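**Q** Just need the structure, nothing else, for what follows:
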Amino acid sequence: MSIKAKIDKLRETVPAEVKIVAVSKFHPADMIREAYDDGQRIFGESRVQELVEKYEMLPADIEWHFIGNLQRNKVKNLAPFVSLIHSLDSDKLMREIEKHASANNRKIPCLLQIHIADEDTKSGFSPDECRQFLAGGTWRQHTHVQLAGVMGMATFTDDEGKIRREFRLLKSLFDEFKERYFLNDPAFREISMGMSDDFRIAVEEGSTMIRVGTLIFGTR
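**A** Coordinates of the predicted model:
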């Protein structure tokens, strides 16, 4: 099946209001171009150098999302162009994004990455750490960082009930933060959850943005 056919099939199963991030990491530019030619505009990468190289090779109207763990010393490479950072998980990283966004005269949207899975290998704030981060209020002073929602990854398991509970937790945290801190801020609106194996559950539990690679580009 062609990339175009895979994207078209995916669109049939995902509500129109849910954004599809085509996870293109490790895939060549010509495959991204094929998806682009079918109207896909949002692509996700997890390695800074690879993302910068593809940004320079591919059309300027692509929305590039950074979806991996972001090292502070690499922020400067992304700051001129990245559309959304999915992995804001510390005060130190926020300060670094602020510095380089300011230098580029940009406001960079970021998602609060929250560790919802029962796996130590996954990153992010714990729910309580994220509550403390927001309650501390230093983020209000960082005018070039736009908090735009939350992101989380469920446990890699066949237990659909467990996956659903984890996604439900992320949605409840989003609702809590929206009510407490962002009620009048329309920019805080994204719930990035769901990947190739579990996006259907994520959408049922309130995802506004899914990150899908294998179903579009195949295995790497």
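
**Q** give the contact list for the residue nearest to residue 49 when sequence neighbours are not counted.
**A** Nearest non-adjacent residue to residue 49, counting by Cβ to Cβ, 6 or more residues apart in numbering: residue 77, 7.6 Å away. From N, CA and C alone the C-beta is placed, and that goes for glycine too. If you count contacts by Cβ atoms under 8 Å, 6 or more residues apart in numbering, residue 77 has them with 48-49, 52.

**Q** for the residue most central in space within the chain, helix, strand, or coil?
**A** Closest to where the C-alpha atoms of the chain average out (Cα atoms, centre = their mean) is residue 86, at 3.4 Å. Secondary structure, DSSP: H, G, I helix; E, B strand; the rest coil: residue 86 is strand.

**Q** what's the pLDDT at it?
**A** If you check residue 86, the pLDDT there is 98.

**Q** And the closest residue to residue 88 other than its chain neighbours, its phi and psi?
**A** Counting by Cβ to Cβ, 6+ apart, residue 110 is the residue found nearest to residue 88 once chain neighbours are left out, at 4.1 Å. The phi/psi pair for residue 110 (degrees, to the nearest 10) reads phi -140, psi 150.

**Q** oh, and call the first residue 65 from now on, that's how I've got it
**A** In the new count, where the first residue is 65, that last one comes out as residue 174.

**Q** wait, doesn't residue 174 sit right on residue 153?
**A** No: assessed by Cβ atoms under 8 Å, residue 174 is found out of contact with residue 153, at 9.8 Å.

**Q** Comparing these two, which residue is more hemmed in?
**A** It is residue 174, of residue 174 and residue 153, that has more neighbours when counted by other Cβ atoms under 10 Å, with 28 against 23.

**Q** For beta bridges, what are the partners of that one?
**A** Listed by DSSP bridges, the beta-bridge partners for residue 174 are residue 149, residue 211.

**Q** check contacts around it.
**A** Counting by Cβ under 8 Å, 6+ apart, the residues that residue 174 touches are 148-150, 152, 158, 161, 209-212.
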